[in-house]
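Asker: Predicted model and sequence follow; I will ask about them next.
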Amino acid sequence: MTLHKIKDFDPNYRDYSGDSDIVGFDLYSGNDKIGSVDDVLVDDEGEFRYLVVHTGLWILGKKVLLPIGSARVEFKDHRVYAKNLTKAQVESLPQYDENNVVDYDHEEQVRKVYRPAATTAAYDRSSYGYDRDPDLYNLNEADHQSLKLYQERLVTSKTRRKSGEVTIGKHIETETARVSVPIEKERVVIERTSGTGQAVVPSATDFVEGEIARVEVYEEVPDVRKEAFVREEIRVQKVVDHDTVTSEEQVRREELDLNVDGNPTVDKGVNTKR
């Protein structure tokens, strides 16, 4: 459970609380003025949970938390009455520091001071809810009379939706590839020359038909084959791009209309935001 200063939770809260802002009201215990209201702490839903009270010279100017259910607000007199608050209680309460977060442990110290002595707690930080202490946190009409003025505000959320799909596949394309291979071919060259014309005596092999000489002729033949290789490697991954989408809507707010007949004296009441 997170607590917020009311001005941090709603910077414009004074626009609909009018001149009777509870912050600044005098703090009384019985008939004695003991300090003032410095701030209001609300939860994530805007529910009043604590008044930050300054005890003035009563307890050396100590700032402590007063659960809203332990207070009675008199809007006409601009006063807050702390029910049965004693000096001993204030001395036992932890000091409030606006620069520090009010965590569960701080709240527990506060609750133990305000609870009746016979009250026993059966919960922990994960199971506690403010409904366990209605006397400390409930707003009743007798102690907190006010007219509730409502307004609308924009609440944002995000949902994931499928915007498309990318399918990665492959297909085969066929093309004609040409390659040039240099080769060698042998050929037989026969040269014939004229004789000298001189007379010779034929041998036994002359004037005989048949093979005279044998020459083997060779040539190179190209050997072309196909082999596969990795031409390109594909990696597929997703990345997240961040963007900000601005949305505008018309919101409504209730304002107080006060009709006065004659010349009565009217003290405005403050609206407590719940």
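Answerer: Great, that's in hand.
Asker: Would you mind identifying the next helix or strand past the lowest-mean-pLDDT helix or strand in the chain?
Answerer: Within the chain, confidence by mean pLDDT, DSSP states H and E is lowest for helix 14-17 among all helices and strands, at a mean of 68. Next helix or strand after helix 14-17 toward the C-terminus (DSSP states H and E): strand 26-29.
Asker: How far off centre is that next one?
Answerer: Distance, stretch centre to chain centre, for strand 26-29: 42 Å (C-alpha atoms, centre = their mean, to the nearest Å).
Asker: Give the other helices and strands that that strand contacts.
Answerer: If contacts are counted by 3 or more C-beta pairs under 8 Å, 6 or more residues apart in numbering; DSSP states H and E, strand 26-29 sits against strand 32-42, strand 79-82. In this view, the C-beta of every residue, glycine as well, is placed from N, C-alpha and C.
Asker: Parallel or antiparallel, list what pairs with it.
Answerer: strand 32-42 (antiparallel), strand 79-82 (parallel) (DSSP bridges).
Asker: what's the spacing between stretch 107-126 and its chain's center?
Answerer: On C-alpha atoms, centre = their mean, the centre of stretch 107-126 falls 34 Å from that of its chain.
Asker: So what touches it?
Answerer: 50, 64-65, 67, 70, 89, 92-94, 104, 132-133, 136 (C-beta atoms under 8 Å, 6 or more residues apart in numbering).
Asker: Need the buried ones from these selected in ChimeraX.
Answerer: In ChimeraX syntax, the buried subset of the contacts of stretch 107-126 is picked out as below (16 or more other C-beta atoms under 10 Å):
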select :50,64,65,67,70,89,93,94,133,136
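Asker: Mind checking which of the contacts of stretch 107-126 land in strands?
Answerer: Within these, residues falling in strands by DSSP state E are 50, 64, 65, 67.
Asker: what's the span of stretch 35-53, first residue to last?
Answerer: 7 Å (C-alpha to C-alpha, to the nearest Å).
Asker: If you could redo that for stretch 213-230, that was the one I meant.
Answerer: Its first and final residues considered, stretch 213-230 spans 54 Å by C-alpha to C-alpha.
Asker: Same question for stretch 206-214.
Answerer: By C-alpha to C-alpha, the extent of stretch 206-214 from end to end equals 18 Å.
Asker: for the record, mean pLDDT for that stretch?
Answerer: Per-residue pLDDT over stretch 206-214 has a mean of 76.
Asker: Give me the buried positions along that stretch.
Answerer: Per 16+ other C-beta under 10 Å, stretch 206-214 contains no buried residues.
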